[in-house]
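J.: dropping the sequence and predicted coords here.
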Amino acid sequence: MLLKKRIPAFYIIKKIRLEVLYVLITGLLVNYLTAKYKNLIPEMPIAIPAFIGTAISVILSFKINQSYDRWWEARKVWGSIVNESRSFVLQLQSFVSAQKQSEIKEIAYRHIAWCFSLGQSLRGLDATKDLDKYISQADLDKIKKHNNKPLALLQLNTLQIADLKNSGGLEVFTLVQINTTLVNFSNAMGMAERIKSTVFPQTYRLFLHFFIYIFVVTLAIALIDIDSFFEIPLLLVISSAFFLLEKSATHLQDPFDNRPTDTAMTTIATNIEINIKQLLGETEVPEPLQPQSFYSL
Amino acid sequence: MLLKKRIPAFYIIKKIRLEVLYVLITGLLVNYLTAKYKNLIPEMPIAIPAFIGTAISVILSFKINQSYDRWWEARKVWGSIVNESRSFVLQLQSFVSAQKQSEIKEIAYRHIAWCFSLGQSLRGLDATKDLDKYISQADLDKIKKHNNKPLALLQLNTLQIADLKNSGGLEVFTLVQINTTLVNFSNAMGMAERIKSTVFPQTYRLFLHFFIYIFVVTLAIALIDIDSFFEIPLLLVISSAFFLLEKSATHLQDPFDNRPTDTAMTTIATNIEINIKQLLGETEVPEPLQPQSFYSL
Amino acid sequence: MLLKKRIPAFYIIKKIRLEVLYVLITGLLVNYLTAKYKNLIPEMPIAIPAFIGTAISVILSFKINQSYDRWWEARKVWGSIVNESRSFVLQLQSFVSAQKQSEIKEIAYRHIAWCFSLGQSLRGLDATKDLDKYISQADLDKIKKHNNKPLALLQLNTLQIADLKNSGGLEVFTLVQINTTLVNFSNAMGMAERIKSTVFPQTYRLFLHFFIYIFVVTLAIALIDIDSFFEIPLLLVISSAFFLLEKSATHLQDPFDNRPTDTAMTTIATNIEINIKQLLGETEVPEPLQPQSFYSL
Amino acid sequence: MLLKKRIPAFYIIKKIRLEVLYVLITGLLVNYLTAKYKNLIPEMPIAIPAFIGTAISVILSFKINQSYDRWWEARKVWGSIVNESRSFVLQLQSFVSAQKQSEIKEIAYRHIAWCFSLGQSLRGLDATKDLDKYISQADLDKIKKHNNKPLALLQLNTLQIADLKNSGGLEVFTLVQINTTLVNFSNAMGMAERIKSTVFPQTYRLFLHFFIYIFVVTLAIALIDIDSFFEIPLLLVISSAFFLLEKSATHLQDPFDNRPTDTAMTTIATNIEINIKQLLGETEVPEPLQPQSFYSL
Amino acid sequence: MLLKKRIPAFYIIKKIRLEVLYVLITGLLVNYLTAKYKNLIPEMPIAIPAFIGTAISVILSFKINQSYDRWWEARKVWGSIVNESRSFVLQLQSFVSAQKQSEIKEIAYRHIAWCFSLGQSLRGLDATKDLDKYISQADLDKIKKHNNKPLALLQLNTLQIADLKNSGGLEVFTLVQINTTLVNFSNAMGMAERIKSTVFPQTYRLFLHFFIYIFVVTLAIALIDIDSFFEIPLLLVISSAFFLLEKSATHLQDPFDNRPTDTAMTTIATNIEINIKQLLGETEVPEPLQPQSFYSL
């Protein structure tokens, strides 16, 4: 997540340097050709790039809104993981009989592991990294057999809670209530995976790029009377405006790609760890994760 | 679902070749007529096609957004099938008494069959294809009597779970919790069928095409002074922009039509199969489905 | 619901013939007056109708989107009736003791009656039509005393299910689960009635028409230099574009008005009947309803 | 709620008479000044008011959509009150033992009182008006001690239902199911109060008015060459278009203000009364509320 | 929350004074340079700033809508806290045995403390301020050990309710129903924290500012022929329009920042206190919080 801190200019410029270069080449080429074949080139009414501009703004506006929705949905999913994690521990403490303190702690720690593992897994990183701080070696061995590590952790917790009921530590009715929370974890995990695995309709991106280049060409011809010393920067500025918006939207679309615009999953998981440990009455809790220079992960 | 891989140009061009041809003919015809009856044709202010352009962009923007919503809803429905499928198996393992392992496996396999069958059924293909890998011949015979095969599979699972309770393998409380999951499957199935069976308001499509042709005609007259050598390509480019957007939207609208833009139901069902089998502790699981050249189904 | 089949031109033209006529008269009148009082009429910059056009497109875009939302919500309501109807029968079969088969069938048939009755009632037609195929004469007599026939049918089912519990055919816990489904039917019914009974804000429609006429008048004056032989058709085409969009939106707004754009409630209710009867194991089921020429009801 | 009947012109004109007057004065003043200081006033390109027009249409479009959402949410809240009220009575009849008929009637009547009281309270009117038709004097005395009368009525019903359980008329399971319905009433009440008490961001309204006046001034200068006999009406028409849209949106924003555009709460509450009394088997029910000339409350 | 009262002009002007100053400097600089190097500066078509204006209005419209959604979601979260707080007390009174009046009061008072503490915590103020009016010193000591004070209060209530069940004051079934309400409190708290901690995508804000300055520069060059006595105010007015909209949106985005546009959390918490105390039958309740001059907190 980008912070309110000053975002370095190079971060933004780097995003569109290739596109700006292409526009520069296109603009120079059009300039050269219109200079050479001046008689052949008709007067281009400025309305023509304006029509292309309409199509561009329809797609841009669509893309910016929908990509924000994906980004916000990703954040909501992780928000609900926070909420349900707290409720989960409170439910264990309310419903499980007092003799089972060690099981409660084991389950709660395994749940912390699930949060970190899910974050790593969504980013395409090692989903078992550092999990030995929270779960036993036996657990680690079990989950390594699964393609989907967080799902394996969820299964371990689900089965241990079922065992608590079978061994009399939990009534069937409260088991069902806790199960509802476990279903919510499964939903949250699946929703995040859905956002991760669903490619935003690619054709719109292709069209948008295509339209911007058409826009640049027609605008360049329309501005034929202006000194190219002024025309080229103008083309660059206007097309950069469109490309910058497109790029920002594209980055928001995929909030689990290990980029500065990501949902801050590691930060959130660390907060969950702090919350859970304090709910368990522990005093040794980690520090909240410090952000990077201009973003937090 | 279209992937991030390079989408072949012919795939996109093929989409609108007919429309482009019509625009070409229209443009040539208008050119010929305006050349022949030059005195009769008044000067057309560029504002006239601009007004038509306003109506076009209002519909386009509406259509792009709503068709995306349909496509995204379709994806969400299948996402929820993934989540609930996992929870379903975990609930069976938590709630059903340990002696009933074979029933759990039978139900879980039948559920895998339901996922594949629903995908086939939504695409209008054979809804019983390859189901013998997951269900018995007796089951197959039963579901063949039904119009709606996935519903028949759901009924078989529902009744077997009710039997589990009657035979003491499940308490009434936990039966109700599992039933809630079954209701969610029924909802997901019905939601997908709703998207499949509801035709997007056709009048907007008609109007959009009508307006684009009017736009082409008025623009062609307005650009009467430009050499037709330049004018016709201009008309084609601008109208293609509108047609491409319309076509992309139209394809997203119907995400269960066995097209490259479909929801990737076979891929998802295969992932569900892998998840379920690993939750059951099986080691022999299928490979994730490999995508086609530029899309996955 | 309009189908993908070719929609007859007269259906569309009929929608806006009156408006087009008024625009024609307005155009001719403006033409006559501007010709007669040419010296008095100042030059109208084309920007003036353009400003009016802005207001028109703001309302149009609002109206098209919100009316689609109403139409889609109506479809969702009936989609949820489909889903819950299937779950309802499955729940009866799971939860009610096996000796009560005849009661299950009676309740399921009464539910089919509810679906058809609700569709008729929403369309303002006879809500008891053909119900004798599904319910007894005694039931028919009871519901005739009610203003709201579908609600009366829902009450009969609710009370019979309560009786099942009192007579030992249903446990209290599963009664509560089925009751949740009944609450969903009540919600779906109320949501459809809400859409039916809530008039879309009328002022926007008035303003839209008012603005379109102002637009026509100012545009006619702005185009004063164009031969009226060309000007009048231009006015008609542009204003038709706006009127067509407005009409289409207006029809989508009210999806329960017994029009071709209606939610296809009779088709859906017939499908529910087929599903329910096959779930009950019956082999004699009706055929799916065949659509009208270009729409289905 | 405004009906489909013909809405009187004075109702609409009355809404914006002040704004139109201000615009008239502004227009005349600008005309007078530009005539007097003709040499000092530069030529104003029509693009300047066009830029202001862009800002205006961005806010208008935002405001119209969001105010419609508030209005529609208000209608949905009351729609859910209708649905839950029916379910509430059906649940009482299903779950409460048959000997407690008089308690069921007392609770159902108190619920009718709650509907009317909530409507009055939201409109800022006397929330105890005519309640003696539905509740006892003892109840009336109790609720008068509360700031929030409908909440007091809800408490009375909640406590009486708890008593039913304590006196054996209701099982704990079904008590919880009815309690869920009571929670929904509390939610609906709170949601309506939220819409009532939350002022729509006022700054947008201020800016919109400010921009429209700037627009009028710049447009008046831009149209300096047109005869003021034509210019002033033009200014009035275009600015009225914007003001009318703004006013309509403003009225929809606050759907509980005892205005013609209100949610028709009294009509809805009367319908609930009819539904509930017929569900109780009563034959003496009130007539549906007849609408006012062009609206219903 | 800003009230309908007259908002002081300085409050609005203060918001954008810096931006207006920068625009003034930019405008003067451009004017000076274009005057000095008149021959070098080409004629700038007004279409160039118009294209920039398109990009500006796409972002503005996006930003205004999404920031409103954040603001409205924040208000909804607090609305649901109101609703659930009322239901919470009613559930305690319904379900907890009559002998436990003092526990009910203790829990209800602790819940009032939770409301105030959450409001303070979201605003970054002291989350334990004035809590001694509602909770014991022992409680205060406990929550001081936690990073997240409201979560600590929620834990205390959850555990005391579990104790009520263990000591026979509550059945397991009704415990679960109350637990659902506690889960809703946890969700509401987490949702508010999510809005608080998620920075709105910063790049859009940067681009918007950047584009507005580009717009100002190009417009200033395009208006080169207009007397700078008129041009500078025009630039200021148009760019202020854009900046004002941007600022308003930015303030709505962050509704928990202790600003006049905040969600009125203290007012809402006071109303919850009044409601809860009157539900408990207390007669000594605080006055509703009086608003500040033009806003309430």
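T.: Nice, I can see it. Bear in mind that the values here come from a model prediction, so they are computed numbers and not experimental data.
J.: taking the stretch 101-250 of chain A, what residue is nearest to chain D?
T.: Per CB to the nearest CB, residue A:173 is where the stretch 101-250 of chain A lies closest to chain D, at 10.1 Å. C-beta coordinates here come from the backbone N, C-alpha and C atoms, glycine included.
J.: and the helix or strand harbouring that residue, what does it pack against?
T.: Under the criterion of DSSP states H and E, residue A:173 resides in helix A:172-197. Under the contact criterion of 3 or more CB pairs under 8 Å, 6 or more residues apart in numbering or on different chains; DSSP states H and E, helix A:172-197 touches helix A:47-95, helix A:101-122, helix A:149-166, helix B:47-95, helix B:172-197, helix E:172-197.
J.: make TSV out of the ones you listed and add distance to residue C:18 and mean neighbour count.
T.: Listed next are the helices and strands packed on helix A:172-197 as TSV, based on distance: least, CB to CB, whole Å; neighbours: other CB atoms under 10 Å in any protein chain shown:
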stretch	distance to residue C:18	mean neighbour count
helix A:47-95	31	23
helix A:101-122	57	22
helix A:149-166	62	21
helix B:47-95	20	23
helix B:172-197	34	21
helix E:172-197	50	21
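J.: what's the burial count for residue A:12?
T.: 16 (other CB atoms under 10 Å in any protein chain shown).
J.: so it, which state does it fall into?
T.: helix (DSSP: H, G, I helix; E, B strand; the rest coil).
J.: do you know how far it is from residue A:256?
T.: Separation of residue A:12 from residue A:256 (CB to CB, to the nearest Å) stands at 22 Å.
J.: residues from the stretch 101-250 of chain A in reach of chain B?
T.: A:145-148, A:151-152, A:154-155, A:158-159, A:161-162, A:172-173, A:175-176, A:179-180, A:182-183, A:186-187, A:189-191, A:193-194, A:198-199, A:201-204, A:206-207, A:211, A:214, A:218 (CB under 8 Å from any CB of the partner chain).
J.: what about the helix or strand encompassing residue A:269, average pLDDT?
T.: According to DSSP H and E, residue A:269 maps onto helix A:265-279. The predicted model assigns helix A:265-279 a mean pLDDT of 95.
J.: which helices and strands sit right next to it?
T.: Taking 3+ CB pairs under 8 Å, 6+ apart as the contact cut, helix A:265-279 packs with helix A:47-95, helix A:101-122, helix E:149-166.
J.: now residue A:200: which helix or strand?
T.: Residue A:200 belongs to no helix or strand, assigned by DSSP H and E.
J.: my read: it touches residue A:67, true?
T.: Yes. The pair residue A:200 and residue A:67 passes the contact test of CB atoms under 8 Å, sitting 6.9 Å apart.
J.: which one in chain A is furthest away from the centre?
T.: Distance from the C-alpha centroid of chain A peaks at residue A:39, with 52.0 Å (CA atoms, centre = their mean).
J.: roughly how far apart are that one and chain E?
T.: Distance of residue A:39 to chain E, computed by CB to the nearest CB, to the nearest Å: 22 Å.
J.: give me the three-state assignment for that residue.
T.: Strictly by three-state DSSP, residue A:39 counts as coil.
J.: what residue is smack in the middle of chain A?
T.: Centre-most residue of chain A, counting by CA atoms, centre = their mean: residue A:255, 0.9 Å.
J.: and that residue, what does it touch?
T.: By CB atoms under 8 Å, 6 or more residues apart in numbering or on different chains, the contact list for residue A:255 reads A:70-71, A:74-75, A:195, A:261-263.
J.: and the nearest residue to it once chain neighbours are set aside, how far from residue A:125?
T.: Excluding its sequence neighbours, the residue lying closest to residue A:255 (CB to CB, 6 or more residues apart in numbering or on different chains) is residue A:74, at 4.0 Å. Noted for residue A:74: a distance of 17 Å to residue A:125, by CB to CB.
J.: same question for residue A:60.
T.: Counting by CB to CB - residue A:60 and residue A:125 are separated by 32 Å.
J.: try residue A:20
T.: For residue A:20, the distance to residue A:125 - CB to CB - is 32 Å.
J.: those two - which one has more neighbours?
T.: Under the criterion of other CB under 10 Å, the comparison of residue A:20 against residue A:125 puts residue A:20 first, with 17 against 10.
J.: tell me the contacts of the closest residue to residue A:190 other than its chain neighbours?
T.: Computed as CB to CB, 6+ apart, the closest residue to residue A:190 that is not its neighbour in sequence is residue B:83, at 3.4 Å. For residue B:83, the contact set (CB under 8 Å, 6+ apart) comprises A:186-187, A:189-191.
J.: for the nearest residue to residue A:118 once chain neighbours are set aside, what are its contacts?
T.: Spatially, and ignoring its direct neighbours in sequence, residue A:118 is nearest to residue A:150 (4.3 Å; CB to CB, 6+ apart). Residue A:150 sits next to A:114, A:117-118, A:121, A:127, A:189 when contact means CB under 8 Å, 6+ apart.
J.: nearest to chain C, of those?
T.: residue A:189 (24.3 Å).
J.: mind checking how far the closest one is from residue A:87?
T.: The separation that residue A:189 has from residue A:87, given CB to CB, amounts to 16 Å.
J.: repeat for residue A:117
T.: 20 Å.
J.: got it, and residue A:225?
T.: 68 Å.
J.: just residue A:197 next, same as before
T.: For residue A:197, the distance to residue A:87 - CB to CB - is 28 Å.
J.: the one helix or strand residue A:208 maps to: how far from the chain's middle?
T.: Counting by DSSP H and E, the element that carries residue A:208 is helix A:202-222. Distance of helix A:202-222 from the chain centroid (CA atoms, centre = their mean, to the nearest Å) equals 27 Å.
J.: what packs against that helix?
T.: Using 3+ CB pairs under 8 Å, 6+ apart, helix A:202-222 is in contact with helix A:9-36, helix A:47-95, helix A:228-253, helix B:228-253.
J.: again, only using 10 Å
T.: When contacts are defined as 3 or more CB pairs under 10 Å, 6 or more residues apart in numbering or on different chains; DSSP states H and E, helix A:202-222 sits against helix A:9-36, helix A:47-95, helix A:228-253, helix B:9-36, helix B:228-253, helix E:47-95.
J.: TSV for these, including mean pLDDT?
T.: Converted to TSV, those look like this (pLDDT from 0 to 100):
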stretch	mean pLDDT
helix A:9-36	85
helix A:47-95	92
helix A:228-253	86
helix B:9-36	85
helix B:228-253	86
helix E:47-95	92
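J.: could you dump those into TSV with distance to residue B:103 added?
T.: TSV is the format used below for those (distance: least, CB to CB, whole Å):
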stretch	distance to residue B:103
helix A:9-36	55
helix A:47-95	28
helix A:228-253	43
helix B:9-36	47
helix B:228-253	41
helix E:47-95	37
